[in-house]
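> My questions concern the predicted model and sequence given below.
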Amino acid sequence: MTKAEWEKVEQALSNFFTTVTLDVDGYKVQLRLARITTYRNALEIFVNGFFKGEWLINDCEERRRFLPRKVKHLYTANQVEKLRKELKVSKKSVEKHNPNFDYYSTHWTSFVAFKKHLIANNTTIALVEIK
């Protein structure tokens, strides 16, 4: 896709009730802006007309290509600092024992991050339609 097409897609996705369809390596990817909380919006993604919950759990092609990976730590930064002070050890040693887990989300909160991920994980991207 050209820079102008990406700008056109980004502009279209700034409005509700607009669906953008892309052809990404043979997958039909549909995007639309949706409300996820009272004051937050995000991009919903559908691959070949579906979003399957199993993509969030099982490692599959759709998950790797299209869904955002999130990483969470067991302890927050404030809790790590509190532990460090109580145990009188270095921050590095406390963070070493702060396990993290990753999960995949159902939506993208940043168009720039979505675009970067799409370009990095796919070879051909073409704009099909905006409606």
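That came through fine.

> where do the strands sit along this protein?
19-24, 27-37, 40-47, 69-73, 100-104, 107-108, 125-130 (DSSP state E).

> now, of those, which is deepest in the fold?
strand 107-108 (a mean of 20; mean count of other Cβ atoms under 10 Å). No exception for glycine: its C-beta is placed from N, CA and C like everyone else's.

> Relative to that one, what are the paired strands and their orientations?
strand 40-47 (antiparallel) (DSSP bridges).

> Need the residues that contact the partner strand.
13, 27-36, 51, 62, 66-67, 106-109, 111, 114 (Cβ atoms under 8 Å, 6 or more residues apart in numbering).

> Kindly calculate the angle that that strand makes with strand 19-24.
50 degrees (axes from the mean of the first three to the mean of the last three Cα atoms, to 10 degrees).

> CA-only coordinates of strand 40-47 in PDB, if you can.
Output of strand 40-47 as PDB, limited to C-alpha atoms (Å, rounded to 0.1, in the frame of the first residue of the first chain):
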ATOM      1  CA  ARG A  40     -12.000   4.800  24.900                       C
ATOM      2  CA  ASN A  41     -12.200   3.600  21.300                       C
ATOM      3  CA  ALA A  42     -10.200   0.900  19.500                       C
ATOM      4  CA  LEU A  43     -10.000  -0.900  16.200                       C
ATOM      5  CA  GLU A  44     -11.900  -4.200  15.900                       C
ATOM      6  CA  ILE A  45     -10.500  -6.700  13.500                       C
ATOM      7  CA  PHE A  46     -12.200  -9.500  11.700                       C
ATOM      8  CA  VAL A  47     -10.400 -12.000   9.500                       C
END
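
> could you check the angle strand 27-37 makes with that strand?
160 degrees.

> I'd like the distance between the closest residue to residue 101 other than its chain neighbours and residue 56.
Spatial nearest neighbour of residue 101, excluding adjacent residues (Cβ to Cβ, 6 or more residues apart in numbering): residue 72 at 5.9 Å. Distance, residue 72 to residue 56, using Cβ to Cβ, to the nearest Å: 14 Å.

> before we move on, what about residue 90?
Noted for residue 90: a distance of 36 Å to residue 56, by Cβ to Cβ.
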